[in-house]
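Sequence and predicted model, in that order:
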Amino acid sequence: MVANKLLTLVLIRQCNRVLLGYKKKGFGVGRWNGFGGKVEQGETIQQAAARELHEECGVEAHSLEEIGLLKFEFVGDPQWLEVHVFTADTFKGEPTESEEMRPQWYNIHSIPFNDMWPDDKYWFPIFLKGAKFSGYFKFEGHNNILKTELKEVEKLHYNDYEHFKLNGIV
Ligand SMILES: Nc1[nH]c(=O)nc2c1ncn2[C@H]1C[C@H](O)[C@@H](COP(=O)(O)OP(=O)(O)OP(=O)(O)O)O1
């Protein structure tokens, strides 16, 4: 069995606006997305989320709350993506464009779903109402979703041990 690739995704939300970033290169280029990236050896998922947020748009969030766990399978690729989604309503600094992302605030009623990963329109409504979620999406290429499983949850469950082992913590 191939271990999942661990990724983070941070959505800063303040009242009726959400901070998104236009991905200028790499995976998901040309799409609006939260800020995030790969979890590195020796760091926790939350540390990775805060680091990527800072690297990609220059802001610091100290109260990241984990709100979602999404698993993505791509036809033909044995490695699944495991994306840990966080939110925060306070941060330090001014959102600033980086090599990877161009940040922009969006009103929660005009989220640009047509220019985002196609799964986002399913789970964003759960995030926007302040609940937690767990989901699985099977993709064919980057535009076509073949299978969707999504549920609102009280509490997120994932295998901590698997993560710690993968990151050399145990
Ligand atoms: N289906 C999906 N829906 C979504 O909303 N976000 C997704 C997604 N699949 C991946 N992501 C997010 C997770 C993570 O924040 C980001 C991908 O990570 P990275 O930006 O690190 O990828 P890159 O290939 O650009 O990385 P580098 O090569 O390290 O620059 O995209």
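Structure received. Values in this document were obtained by computation on a predicted structure and should not be read as measured data.

can you list contacts of the longest helix seen in the chain?
In the chain, with assignment by DSSP state H, the single longest helix is helix 45-57. If you take C-beta atoms under 8 Å, 6 or more residues apart in numbering as the criterion, helix 45-57 is touched by 6, 8-10, 12, 19, 21, 35-40, 43, 59-62, 64, 66, 84, 86, 95-98, 100-101, 103, 163. In this view, the C-beta of every residue, glycine as well, is placed from N, C-alpha and C.

just the buried members of these?
Among the contacts of helix 45-57, the ones that count as buried by 16 or more other C-beta atoms under 10 Å are 6, 8-10, 12, 19, 21, 35-37, 39, 59, 61, 64, 66, 84, 86, 95, 98, 100-101, 103, 163.

wait, what's in contact with Gly36?
Gly36 touches Leu7, Thr8, Leu9, Val10, Ala48, Ala49, Glu52, Leu53, Glu56, Val83, counting by C-beta under 8 Å, 6+ apart.

same deal with His109?
By C-beta under 8 Å, 6+ apart, His109 lies in contact with Asn16.

In a strand, it, correct?
No: going by DSSP: H, G, I helix; E, B strand; the rest coil, the assignment for His109 is coil, not a strand.

Name the helix or strand for Gln104, please.
Per DSSP states H and E, Gln104 falls inside strand 101-107.

In CSV, list the C-alpha atoms belonging to that strand.
C-alpha atoms of strand 101-107 as CSV (Å, rounded to 0.1, in the frame of the first residue of the first chain):
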residue,chain,number,x,y,z
MET,A,101,-0.1,32.8,-5.0
ARG,A,102,-1.9,36.0,-5.6
PRO,A,103,-4.3,36.6,-2.6
GLN,A,104,-7.7,38.2,-2.9
TRP,A,105,-10.7,38.5,-0.6
TYR,A,106,-14.0,37.1,-1.9
ASN,A,107,-17.5,37.7,-0.5
